[in-house]
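Undergrad: Quick check, what structure comes out for this input:
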Amino acid sequence: MDALRPGSPYQPIIEELRNYPQKRFYNVSKLGGTKYDVLPYSIRVLFESSIRNCDGFLVKETDAMNILDWKTKQNDVEVPFCPARVVLQDFTGIPAMVDFAAMREAVRNAGGDPVKVNPACPTDLTVDHSLQIDFSKCAIQNAPNPGGGEAQKPTAKLSPLKGQPRKLPCRGQSSCKGPCSAGELSRASGQFSAQIENTPILCPFHLQPVPEPETVLKNQEMEFGRNRERLQFFKWSSKVFKNTSIIPPETGMAHQVNLEYLSRVVFDVEDFLYPDSVVGTDSHTTMVNGLGILGWGVGGIETEAVMLGMPVTLTLPEVVGCELTGTASPLATSIDIVLGITKHLRQAEVAGKFVEFFGSGVSQLSVADRTTIANMCPEYGAILSFFPVDNVTLKHLRHTGFDEAKLEVMEAYLKAVKLFRNGESSSREPEYSQVVQISLSSIIPHVSGPKRSQDRVAVNNMKSDFQTCLNEKAGVKGFQIAAEKQNDVVPVQYEGNQYELSHGCVVIAAVISCTNNCNPSVMLAAGLLAKKAVEAGLEVKPYIRTSLSPGSGMVTHYLSSSGVLPYLSKLGFEVVGYGCSTCVGNTAPLPEAIRNAIKQGDIIACGVLSGTKNFEGRLCDCVRANYLASPPLVVAYAIAGTVRIDFETEPLGTGFNGRSIYLRDIWPTRKELHTVEEECVISSMFKELKEKMEKGNKRWNSLEAPESPLFPWDLKSTYIRCPSFFDKLAKEPVSLQPIENAHVLLYLGDSVTTDHISPAGSIARSSAAAKYLTNKGLTPREFNSYGARRGNDAVMTRGTFANIKLLNKFIGKPAPKTIHFPSGQTLDVFEAAELYQKEGIPVIILAGKKYGLGSSRDWAAKGPFLLGVKAVLAESYEKVHKSQLIGIGIAPLQFLPGENPNTLGLTGREQFSILFPPELSPKMTLDIKTSTGKVFSVFALFENDVEITLYKNGGSLNFVARRFL
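TA: Coordinates of the predicted model:
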């Protein structure tokens, strides 16, 4: 958004920053007297945004005053919020960028200047959701060296870990020069050198540089091949759109890049200062709240609206103050703290609320700890979890290479507008809707599972709890295994060796992104534990699918420079790539022999991962028990090979000389962790990461893309297509037309979700989308998913209402079918809609309560629009989806209280006519007349003048496009 809105009524409170006269800002602390002083910090950010963006239309003075009166207005009023920037990931970002490309085309065709069409606020798109783990360490252990060439001898600073571990055979690193036999190693002499900083990864046993781990290179190659069309479009977007940056593949995940690279904390635009804030299409956008940046995840249409220059609308939320006291146990990792706080906040019922942290315990948490906690807030239902900027934040920014002069300005500004928390001062604490107290000293190490993240299990109770799960009836925790089968053992041959699988055996162990990669202490703890394990002679069984998927290159860097990465690799935790992988089900299949043994013995096999999601069957269909754990515990359970272990009394395994090795023998101390963290997580690493992100990578840099201001659409493309949202764009919108003699396309019941409306998963072979792709010459193997093809409106329109579980009352059973009434045929929903459009017949949707439940999904509104749906008539709506329907140009209508199709005697086979008055007004009623002569009234759910304006313009896309004409 603009730093200064023309004509803002609040310009008189613009001041110069003390000691920095060239810097100006809205001194919002001067408004409202003591009201402002007791506002929660997060609400102060909303208030500043409303003051700065007040234009009398999108943001009104009454909106600003409602926010200032938060104490009495919370939960009662809707307020607009104009975030400072937008973060997108590629799956949800591509339709937004395609819409902007199409808007340029439409503006040119209507006589405007297409070059003026750009996002209205800074927009960063990270290509991070296209990674799939096609290859993992055990799958390509003996593959040829993809790097090739002779390695250069590195010269650089040695890492702080200078131990001399026992020399063990390299696990098939084909880039090693010379033999890798155990015999040769036993005769080798000379000191082992730890990983060298700022160099490629080294084989720890031959010190030969490996340009990239083989798994990374192979997965990168597959990613670029599979997604070339999409990547070329992104490359074009990065060249032509102002206010837009594209973070290329293999750089990191959207929320991680947002935290490490994109975050400003305070914006400085032409010497005008204002708080950083963000909305993003990734649910982990909330991570930035740990850095004092207000941000949360929203749907594609909401982010696109912000890109178009419009605000996000939200109900003024309650704010729960979370007071942290005490000191955490030395053995408790950030994950333990996260899960402990998650449990407390779930019990406090914070869903749909802001959470804000304060108290003496906050200063004991590093920014890494805070971002880990903030990242989990979707798991306990909060909109966001906010940590105001304090001295800990400033210290962190200094370590990450933040410019000192900018830091001084930042601190002065935040203090001037009272957005800086000083834990040592006696300033009055904000007033909260409620306060939840959590003692950090009460938190002990836990894992979560086996099916839900909220089911926490103390590590010292893990063995007995798993036994209970075997006994319990099948349900949210139980597996209902008969007592006589609970000790069954299934022998299995794998790679020439005999192994035994039993209930609780670990077959997937993944140290992955999301919650943990922003916190060096937990990732380094995993590495140090691996180092000690290797030196003690412990191993991981080769059939366990191990992987290490960091969120960004910075994580790999500090694991490498600290010297622990080779030890993780030795245990099978080799870097497989950067992006969402195991957590979203993109893990490589288990070895066939292992899968068969699990199924043959009906074994409750386990996955252990350091992510945020562990739903049953998510990792693999034959892995029924999945536990969330801290990275060092993931490594520990992988070594143990089972979750049926008591770490206190049972050894992880047998080391050298037949000695039993317990977890306590290899668990790193806090002192060890802090020493390595201080020496490895330094500003130079962040600086190098930023340089890497700005330079891109070889594949990205060599990728050819057009540079013309208009995108050259390829009519043969099945990924990128110019959508038809702007086909009727004219300088002035046409007057509202009645909806006459509309047929009902679908007659749906209650709780229709956005996934029913627009599925995101695989494309069924019998679907309309599959027929389209087959006609384009693609095989089923090449279909990819609806998520990957969001840039093609032809695929997404055909995918609308294609969910096989869709229950249309016209059909009477779950199926993506409907009746085309003029012909009486039962057809795919798309085919029926296509016929209606050819016949010039409008269509509507009848639905029950809570239409549009579930995660926000842009195509759940766009798809029906392109099917020709003019209105939805439901008993009630999910609020966000209702707004999305208006934003695309579909009228959301609601039955009057106590009325529904049954009470009105509607069958859905009638034709419906809806008349609009010359002027719409908020919350007005309309009359509907059916072909049987019945007349009834409904609510038109337009809440304000902005929504009416958008609807009359045919949606937000056309509303904004007209500004360029």
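
Undergrad: domains in the protein, as residue ranges please.
TA: 487-681, 739-964 (the TED database).

Undergrad: Neighbours of S442, how many?
TA: Number of residues near S442 (other CB atoms under 10 Å) recorded here: 13. Any C-beta I mention is one placed from the backbone N, CA and C, and that applies to glycine too.

Undergrad: repeat for I844
TA: 26.

Undergrad: State whether it is indeed within a strand.
TA: Yes: under DSSP: H, G, I helix; E, B strand; the rest coil, I844 sits within a strand.

Undergrad: What segments of the stretch 1-150 of the chain are helices?
TA: Remark: helices assigned in the stretch 1-150 of the chain by DSSP state H, counting those that start in this stretch are 34-37, 41-52, 61-68, 70-73, 90-109.

Undergrad: so where do the helices sit in the stretch 451-600 of the chain?
TA: With DSSP H, counting those that start in this stretch as the criterion, the stretch 451-600 of the chain has helices at 462-471, 520-536, 553-561, 565-570, 592-600.

Undergrad: N958 is nearest to which of the ones you listed?
TA: Closest to N958 of the helices of the stretch 451-600 of the chain is helix 553-561 (CB to CB; 41.0 Å).

Undergrad: For that closest one, name the packing helices and strands.
TA: Secondary-structure packing of helix 553-561 (3 or more CB pairs under 8 Å, 6 or more residues apart in numbering; DSSP states H and E): helix 520-536, helix 565-570, helix 683-695.

Undergrad: what's the angle between it and helix 520-536?
TA: Compare the direction of helix 553-561 with that of helix 520-536 by axes from the mean of the first three to the mean of the last three CA atoms, to 10 degrees and you get 30 degrees.

Undergrad: C-alpha coordinates for helix 553-561, PDB please?
TA: Output in PDB follows, covering the C-alpha atoms of helix 553-561 (Å, rounded to 0.1, in the frame of the first residue of the first chain):
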ATOM      1  CA  GLY A 553      20.100 -22.800   2.400                       C
ATOM      2  CA  MET A 554      20.900 -21.100   5.700                       C
ATOM      3  CA  VAL A 555      20.000 -24.200   7.600                       C
ATOM      4  CA  THR A 556      22.200 -26.300   5.400                       C
ATOM      5  CA  HIS A 557      24.900 -23.700   5.900                       C
ATOM      6  CA  TYR A 558      25.000 -23.800   9.600                       C
ATOM      7  CA  LEU A 559      24.700 -27.500   9.800                       C
ATOM      8  CA  SER A 560      27.600 -27.700   7.400                       C
ATOM      9  CA  SER A 561      29.800 -25.000   9.000                       C
END
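
Undergrad: how much space is there between the residue lying closest to D714 once chain neighbours are set aside and L703?
TA: In this structure, D714 finds its nearest non-sequential neighbour in I720, 7.0 Å apart by CB to CB, 6 or more residues apart in numbering. Using CB to CB, to the nearest Å, we find I720 at a distance of 14 Å from L703.

Undergrad: what's the answer for G478, then?
TA: 50 Å.

Undergrad: do the same with Y627
TA: Following CB to CB, the distance that separates Y627 from L703 is 40 Å.

Undergrad: and if you look at N75?
TA: 49 Å.

Undergrad: same thing with I763?
TA: 26 Å.

Undergrad: what does Y499 give?
TA: Distance from Y499 to L703, by CB to CB: 44 Å.

Undergrad: and what of G658?
TA: 55 Å.

Undergrad: can you pull the contacts of Q911?
TA: Residues in contact with Q911 (CB atoms under 8 Å, 6 or more residues apart in numbering) are 741-743, 930-931.

Undergrad: same deal with P9?
TA: 54, 56, 61.

Undergrad: From V312, how far off is it?
TA: In terms of CB to CB, P9 sits 22 Å off from V312.

Undergrad: If any of the contacts of Q911 are buried, put those into a PyMOL selection.
TA: Selecting only the buried entries of the contacts of Q911 in PyMOL, with 16 or more other CB atoms under 10 Å as the criterion:
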select buried, resi 742+743+930
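
Undergrad: Which members of the contacts of Q911 occur in strands, if any?
TA: Among these, the members falling in strands (DSSP state E) are 741-743, 930.

Undergrad: who has more neighbours, Y627 and L703?
TA: Using other CB under 10 Å as the criterion, Y627 and L703 rank with Y627 on top: 26 against 17.

Undergrad: Find the residue closest to that one in space, skipping its chain neighbours.
TA: G449 (3.6 Å).

Undergrad: what separates the one you found from M462, distance-wise?
TA: 9 Å.

Undergrad: Count the residues that sit near M410.
TA: For M410, using other CB under 10 Å, the count is 24.

Undergrad: do T468 as well
TA: 12.

Undergrad: residues in contact with it?
TA: Shown in contact with T468 (CB under 8 Å, 6+ apart): K477.

Undergrad: how near is it to D455?
TA: From T468 to D455 the distance is 11 Å (CB to CB).

Undergrad: Which residues are in contact with each of those two?
TA: Residues touching both T468 and D455 (CB under 8 Å, 6+ apart): K477.

Undergrad: Arrange the contacts of P9 in JSON lines, one row each, with pLDDT and distance to R264 as further columns.
TA: Shown next, in JSON lines, are the contacts of P9 (pLDDT from 0 to 100; distance: CB to CB, whole Å):
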{"residue": "C54", "pLDDT": "95", "distance to R264": "22"}
{"residue": "G56", "pLDDT": "93", "distance to R264": "28"}
{"residue": "E61", "pLDDT": "96", "distance to R264": "27"}
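
Undergrad: Closest one of the residues you listed to L394?
TA: C54 (30.4 Å).

Undergrad: How about that closest one: what's its closest non-neighbour residue?
TA: The shortest distance from C54 to any non-neighbouring residue, by CB to CB, 6+ apart, is to S8 (5.1 Å).

Undergrad: could you measure the one you found against I246, distance?
TA: 32 Å.

Undergrad: Kindly report the same for A405.
TA: 29 Å.

Undergrad: Which residue of those two possesses the greater neighbour count?
TA: Using other CB under 10 Å as the criterion, A405 and I246 rank with I246 on top: 26 against 9.

Undergrad: one step back: and the helices of the stretch 451-600 of the chain, which one's lowest on average pLDDT?
TA: Of all those, the minimum mean pLDDT falls on helix 553-561 (a mean of 79).

Undergrad: Show me the one of the helices of the stretch 451-600 of the chain that comes nearest T281.
TA: helix 553-561 (22.4 Å).

Undergrad: neighbours around E229, how many?
TA: Counted with other CB under 10 Å, E229 comes out at 15.

Undergrad: Then A483?
TA: A483: 8 neighbours (other CB under 10 Å).

Undergrad: Could you do K116 as well?
TA: Using other CB under 10 Å: K116 sits among 12 other residues.

Undergrad: and the closest residue to it other than its chain neighbours, what is it in contact with?
TA: Distances taken as CB to CB, 6+ apart place F964 nearest to K116, at 5.1 Å, with adjacent residues excluded. When contacts are counted by CB under 8 Å, 6+ apart, F964 touches 103, 107, 112-114, 116-117.

Undergrad: I'd like to know which of these is nearest to F959.
TA: Of all those, M103 has the smallest distance to F959: 11.1 Å, by CB to CB.
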